[in-house]
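# Show me the folded form of this:
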Amino acid sequence: MKKALATLAVTFLALSLDAVGLHAQVVPAITPDAPAGRPAALINLATPEGVTLVKGQWRYSDTKIIEVDHRSPGPDLRASGPPNRTYDITPHAGAADFDDSQWQVIEPVGLETRRSTGRLCFNWYRIKITLPEKVAAFQVAGSAVVFELIVDDYAEVWVNGKLPTVLGQTGGPLIKGFNAPNRVVLTRDARPGQQFQLAVFGANGPLSNPPGNFIWIRSATLDFYKPGQAGNIQRAEVKVDRRDAGLDAIVPAEPVLEKVAGGFLFTEGPVWVRATPNSEGYLLFSDPNANTIYRWTPDGQVSVYRAKSGYTGFDIGEYGQPGSNGLTLDKEGRLTINEHGNRRVVRQERTGFITVLADRYEGKRLNSPNDLVYRSDGALYFTDPPFGLPKFFEDSRKELPFSGVYCLINGKLLLVSKDLEGPNGLAFSPDEKYFYVTNWDPKKKVVMRYEVHADGTLSNGKVFFDMTSAAGEDALDGMKVDQKGDLYVSGPGGLWILSPEGKHLGTIIGPEHPHNMAWGDDDGKTLYLCARTGLYRIRLNIAGIRPSQNHLR
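Just a heads-up that it's a prediction; the model follows:
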C-alpha cells in the first residue's frame, strides 16, 4: 500500500514539476493592473472638454511634513509603548467630505505644471466626477470604469474616501512604481449620474534620494470597458457528466467555466477573503511548488501576498513542494496556513507576527500539514500526510509512523484519526454533526465520514463514498461542502458532486484537473478551482459553507 501510494504521489508531483521544467511555463508573479488593453472609450481629464463632460474641477494643495507626538512599539507590537516624536503630513485630504473649497483651482491643461516644493515633497490633487450618459457614441450604462493616473513620481489614490490596504497589493490605489500608472476600478456596472470623489496624494522620489525636481501629473484618464470586456478572464471548455436529476438544482443547465489566471506551477489551498467596508473581496491561494501565496482580485490582478510561504531552509532545492498548501481563516479573519516545508500550522496575526499553532505531536515533528478547516467553536482540524517531504513516505526526515488527522482544541493537539494512508481534504457537514476526509491513495480512493464530538474527537468512521474503481489517475484531494450538505470532491477525472446521502450526482470536467476549491464572491455561489497551473471559477445555484469571519479586515 505504501509503495503504491508513494508511486502515485510521485506521479502527482511530476505533474506539477512538469510545468516547471519540461514546458518552461513562467509564473505570473505580478500581472498588469486589470482591466488592461484598449478601452471602448475614454475621457482625458487633462483637457477642458474631458473635465466638462464629467462636470469636474481640479483642486490643488501643497502638503507639509510636521512633527507630532506618538508612541514607540509596545508589547502588542502596536503604538502603545513609551512616548516619542515622529512625523505626519498635513492636510489629510483623502476623505470624501474633505472641504477643499479654499484650495487652488487648476485648469486641466495645468496638470503638467511642476508643483510642490521639490526634493522631499508631497501634495494633493482632488476632483469630483459625474459619469455621463455617453462618451462619444459609447453608452456608459453597465460598463466598467477605470481611473488611470500617472504621477511623476509616485501616487496614492483615494476613491470616495477609501484607500484599501491589503498585503500584496501592487498598484491600483497604492504606489505602483516609479512613474508607473495607477489603475483603479471605480465601478464594474456604471450608471450615468454616478459620482466619484477622487483624491490623489502625490510624492516626489525616489524618497531615499530626493531629487531636485517637483511633482506633476503626466496623464489622467477615465477608461470605459464594455460589459465582459474588462479583466483577463477567459471562458474555458467545460463538460458535465450528469448522473442524477438532483444535480440540476446545483449546476446550471448551461454552466460557464472561466479561467481567471494561469501559468502557475501548481495551485492549491484557496480561501476567499470577504469584502469589508474598505476593501473588496479577494482570493488567496497557494503555489506550494513556487513557495508562494498569491492574491487574486476581481479586476484580474495577481500579486504576491506572501513570499517564502512554507520554507526557507538551506536544503530547499531538494523539495518539490516546500511552500504553503491549505489556507483558511479563523473567526477574526486571520489567515491560517499549512506550511509544507516547515512542517507546521501557523496563523498570521494582524500585526504581521506569525504564531505557530502546531508543529509537533508527542514531541515528534509533523509530516507536512496539507488541508485544514475550523469548526464553528474555533477547534482547528488538519490533515498531515507526508507529501510535502522530498521522498514522501521514505523520507529520512519523517518522524511519525502514520499520516494523521488532528484537532487543535483548547490549546491541545489531539490525534483524532490515523485510518488513512493519505488523508487530504476535509470538511464538516452544515450542522457539524459529520466530518469528512478524503484519501489520496490509488488503492483506496474513498471519502470517510465520522461523527464529531464536542471534545474534538471523532468516532464511527465509515466509508461514505468509494471511487477506487473510477477511471482516472488521480486519487482524492480537496473537498468542500455547500449549504445543503452536498460534497464537492477532487476525484478521478474532475470535480465529483455527492449528495448528503452519498449518491453521485455528477462530475464537472474542465481543461485542467481541480485539486482544491473555495466558495467565493459576495453570495458564496461561485466556486473557485485551483487546477494544476490555472485558476478557474464556475457559478453554481447553491451557496457554499465558508469560514465565518466575525471581525473582517
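# Tell me, how many residues neighbour Ala220?
Number of residues near Ala220 (other CB atoms under 10 Å) recorded here: 25. Quick note: C-beta positions are derived from backbone N, CA and C, even for glycine.
# Can you tell me how far it is from Asn342?
Ala220 sits at a distance of 46 Å from Asn342 (criterion: CB to CB, to the nearest Å).
# what do you get for Glu349?
Separation of Glu349 from Asn342 (CB to CB): 17 Å.
# Tell me which of the two has more neighbours.
A side-by-side neighbour count of Glu349 and Asn342, using other CB under 10 Å, places Asn342 first with 26 against 14.
# number of nearby residues for the closest residue to that one other than its chain neighbours?
Counting by CB to CB, 6 or more residues apart in numbering, Asn342 lies nearest to Tyr311, which is 5.5 Å off, once chain neighbours are set aside. Other residues within reach of Tyr311, judged by other CB under 10 Å, total 21.
# so who does Tyr311 touch?
Tyr311 sits next to Asn291, Tyr319, Pro322, Gly323, Glu339, His340, Gly341, Asn342 when contact means CB atoms under 8 Å, 6 or more residues apart in numbering.
# Now distance to Leu535 too, for those residues, in CSV please.
Formatted as CSV, these follow (distance: CB to CB, whole Å):
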residue, distance to Leu535
Asn291, 18
Tyr319, 23
Pro322, 21
Gly323, 16
Glu339, 21
His340, 19
Gly341, 23
Asn342, 24
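# Distance to Ala180 and pLDDT for those residues - can I get that in a markdown table?
Putting the contacts of Tyr311 into a markdown table (distance: CB to CB, whole Å; pLDDT from 0 to 100) gives the following:
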| residue | distance to Ala180 | pLDDT |
| --- | --- | --- |
| Asn291 | 26 | 96 |
| Tyr319 | 34 | 96 |
| Pro322 | 32 | 97 |
| Gly323 | 28 | 97 |
| Glu339 | 33 | 98 |
| His340 | 34 | 97 |
| Gly341 | 33 | 97 |
| Asn342 | 34 | 98 |
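# Quick check: strands, which of those residues are part of them?
When the contacts of Tyr311 are checked against strands (DSSP state E), the matches are Glu339.
# and which of the contacts of Tyr311 is nearest to Pro442?
His340 (21.2 Å; CB to CB).
# The closest one: neighbouring residues, count only.
By other CB under 10 Å, the residues close to His340 number 30.
# Quick one: list the elements packing against the lengthiest strand in the chain.
Longest among the strand segments of the chain by residue count, using DSSP E, is strand 58-71. Helices and strands touching strand 58-71, by 3 or more CB pairs under 8 Å, 6 or more residues apart in numbering; DSSP states H and E, are strand 83-90, strand 104-106, strand 122-130.
# what angle do it and strand 83-90 make?
Angle, strand 58-71 to strand 83-90, by axes from the mean of the first three to the mean of the last three CA atoms, to 10 degrees: 180 degrees.
# average pLDDT for strand 58-71?
Across strand 58-71, pLDDT averages out at 97.
# Output it in PDB with nothing but the alpha carbons.
Extracted in PDB, the C-alpha atoms of strand 58-71 (Å, rounded to 0.1, in the frame of the first residue of the first chain):
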ATOM      1  CA  TRP A  58      -9.400  70.000 -10.300                       C
ATOM      2  CA  ARG A  59      -8.300  71.500  -7.000                       C
ATOM      3  CA  TYR A  60      -4.800  71.500  -5.500                       C
ATOM      4  CA  SER A  61      -2.900  71.900  -2.300                       C
ATOM      5  CA  ASP A  62       0.800  71.500  -1.200                       C
ATOM      6  CA  THR A  63       1.400  69.200   1.700                       C
ATOM      7  CA  LYS A  64       3.600  69.900   4.700                       C
ATOM      8  CA  ILE A  65       5.600  67.500   6.800                       C
ATOM      9  CA  ILE A  66       5.000  68.200  10.500                       C
ATOM     10  CA  GLU A  67       6.500  66.800  13.800                       C
ATOM     11  CA  VAL A  68       3.900  65.200  16.100                       C
ATOM     12  CA  ASP A  69       3.600  63.200  19.400                       C
ATOM     13  CA  HIS A  70       3.400  59.400  19.000                       C
ATOM     14  CA  ARG A  71       4.400  56.200  20.900                       C
END
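# Just want the angle from that strand to strand 122-130.
Orientation of strand 58-71 against strand 122-130 (the same axes, to 10 degrees) gives an angle of 130 degrees.
# Between its first and last residues, how far does stretch 115-133 reach?
The separation between the terminal residues of stretch 115-133, taken as CA to CA, to the nearest Å, is 34 Å.
# now swap in stretch 431-443 and tell me
By CA to CA, one end of stretch 431-443 lies 31 Å from the other end.
# and stretch 110-128, how far out from the chain's middle?
34 Å (CA atoms, centre = their mean, to the nearest Å).
# contacting residues around stretch 491-509?
For stretch 491-509, contacts defined as CB under 8 Å, 6+ apart pick out 238-244, 246-247, 250-251, 255, 257, 429, 445, 447, 464-465, 467, 470-477, 484-490, 510, 513-514, 517, 529, 538.
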